[in-house]
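# attaching a predicted model along with its sequence, questions to come.
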Amino acid sequence: MFCTNCGVQFEGNFCPACGAPAAGPAPETPPQAGDAHVGEGPGGIDLPAPPLGEHKGNLCSITFLEDRLLLHKKPLLKSIDTEIYYADVASVSFSKGSGLSSGFVCIRTRQDPTPPATAFTAPNDPFSVCFLPAQLHDFLRIHEFLSALAAKNDFSPPQLSPRAASSSLSPGSPVSSPSHNMVNICLNCGDTLLPQAKKCPTCGCKEFALLDKSDAGQIEQLRASVPHPKESLTPNWKTSSHPKESLTPNWKTSCPPKPSKKKIIKQRIAENKAQAIACCPKCGSTSLSANRKGFGIGKAVIGASLVGGVGLAAGNIHAKKVILTCLNCGHQWKP
């Protein structure tokens, strides 16, 4: 033993280092009525005491009795009452809520292995109880008790044979609650597909077997028994009667090629000339403006500097010539 005063290891009734008496065995204390854990389930799982009585949530309540619980809800002005025995609790999901959404506790039984509720479906789910943020502490205790019950019951999903699993799924029907560790095996070619698959991309078959992907032995046994193994087939997308090289893309055949801008302008100018319509020689527009040139100050100044006052008449050179201006592109030319 070790001394509780100085930590020295010794044998006897007193510590040889400090003389402190040896500590005796701790006295046993009887369990109190308010203890949180009242028993132990299979596998050493502690079972919390059931929170007996009624616990009110958001427009609903959950009442715990000795052997069962009662759910009472009033969604959309109608009343829903559900009774669940503790021995039937299979799984529990819990959400604290965030923002404007309420928290909820969702219970699933061995008779109802449907997917857990979400924040949107929990208010109308008969096996879920919603609560407000102020009621979080109370529902944490409820979740602890229900989770321990689910762990104690330990309901494993039934194992189906490949044919039985495939018969439970109608051809092409999606799996309602695919697990992350489940895969579909095609019963025609043995290809591995996602649980949500509706049709095998290799052979086109719509009949599958839903198996656990960790069960390699069962998967290989099923693949060995399929009538048309994947290795002997050519995928449907590779068996087209028209090879890719022989096809012309739709965007090349759906409409004629668009003429160039220069070709359009030339065609427009030719049409205007054929109809004797004045148009811009640069862009073909018929929006034109005609103006006469006025007195040229620059020409008059140059003429005056060369020959004196008589040179001012040089400003009238080309003064009455007409200049056409295109109002579309701004091009100017003489008619």
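Noted; the coordinates are in hand.
# what's next to whichever helix in the chain runs longest, contact-wise?
Counting by DSSP state H, the longest helix found in the chain is helix 136-153. Here helix 136-153 makes contact (Cβ atoms under 8 Å, 6 or more residues apart in numbering) with 41-42, 45-51, 55, 57, 62, 64, 86-92, 94, 96-97, 103, 105, 107, 110, 129, 131. The C-beta positions use only the backbone N, C-alpha and C, and glycine is treated the same way.
# and the helices in the stretch 101-250 of the chain, which stretches?
Along the stretch 101-250 of the chain, counting by DSSP state H, counting those that start in this stretch, helices occupy 136-153, 162-167, 216-224, 250-253.
# need the ones you listed in a markdown table (columns: mean pLDDT and mean neighbour count).
Below are the helices of the stretch 101-250 of the chain laid out as a markdown table (pLDDT from 0 to 100; neighbours: other Cβ atoms under 10 Å):
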| stretch | mean pLDDT | mean neighbour count |
| --- | --- | --- |
| helix 136-153 | 89 | 18 |
| helix 162-167 | 44 | 16 |
| helix 216-224 | 85 | 13 |
| helix 250-253 | 63 | 8 |
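# how about the ones you listed in JSON lines, adding distance to residue 273?
Formatted as JSON lines, those follow (distance: least, Cβ to Cβ, whole Å):
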{"stretch": "helix 136-153", "distance to residue 273": "87"}
{"stretch": "helix 162-167", "distance to residue 273": "78"}
{"stretch": "helix 216-224", "distance to residue 273": "78"}
{"stretch": "helix 250-253", "distance to residue 273": "35"}
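# ok, how many other residues are close to the closest residue to residue 116 other than its chain neighbours?
Counting by Cβ to Cβ, 6 or more residues apart in numbering, residue 116 lies nearest to residue 93, which is 3.9 Å off, once chain neighbours are set aside. A total of 19 residues lie near residue 93 under the criterion other Cβ atoms under 10 Å.
# try the one 4 residues further on
When neighbours are counted by other Cβ under 10 Å, residue 97 registers 18.
# from residue 137, how far off is the residue lying closest to it once chain neighbours are set aside?
Distance criterion Cβ to Cβ, 6+ apart; nearest residue to residue 97, sequence neighbours excluded, is residue 103 at 3.4 Å. Per Cβ to Cβ, to the nearest Å, residue 103 is found 11 Å from residue 137.
# kindly report the same for residue 99.
19 Å.
# go on, residue 88?
27 Å.
# check residue 16 and give its pLDDT.
pLDDT, residue 16: 73.
# does the residue nearest to residue 97 really touch residue 130, like I thought?
Yes - at 7.0 Å, residue 103 counts as touching residue 130 under the criterion of Cβ atoms under 8 Å.
# mind listing the strands for the stretch 201-335 of the chain?
Under the criterion DSSP state E, counting those that start in this stretch, strands of the stretch 201-335 of the chain are mapped to 208-212, 288-292, 322-326, 332-333.
# comparing those strands by mean pLDDT, which bottoms out?
Taking the mean pLDDT of the strands of the stretch 201-335 of the chain, strand 288-292 comes last: a mean of 79.
# for that one, buried residues please.
Buried residues in strand 288-292, counted by 16 or more other Cβ atoms under 10 Å: residue 288.
# restricting to C-alpha, output it in PDB.
C-alpha atoms of strand 288-292 as PDB (Å, rounded to 0.1, in the frame of the first residue of the first chain):
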ATOM      1  CA  LEU A 288     -27.000  61.200 -94.500                       C
ATOM      2  CA  SER A 289     -26.600  64.900 -94.000                       C
ATOM      3  CA  ALA A 290     -25.600  67.300 -96.800                       C
ATOM      4  CA  ASN A 291     -23.900  70.700 -96.000                       C
ATOM      5  CA  ARG A 292     -22.200  73.400 -98.100                       C
END
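# and that strand, what does it pack against?
Judged by 3 or more Cβ pairs under 8 Å, 6 or more residues apart in numbering; DSSP states H and E, strand 288-292 is in contact with strand 322-326.
# remind me what the strand it packs on packs against, helices and strands.
strand 288-292, strand 332-333.
# so what strands line up beside it?
If you go by DSSP bridges, strand 322-326 pairs up with strand 288-292 (antiparallel), strand 332-333 (antiparallel).
# residue ranges with poor pLDDT in the stretch 1-150 of the chain?
For the stretch 1-150 of the chain, applying pLDDT under 70 flags the ranges 1-2, 4-8, 19, 23-46, 76-77.
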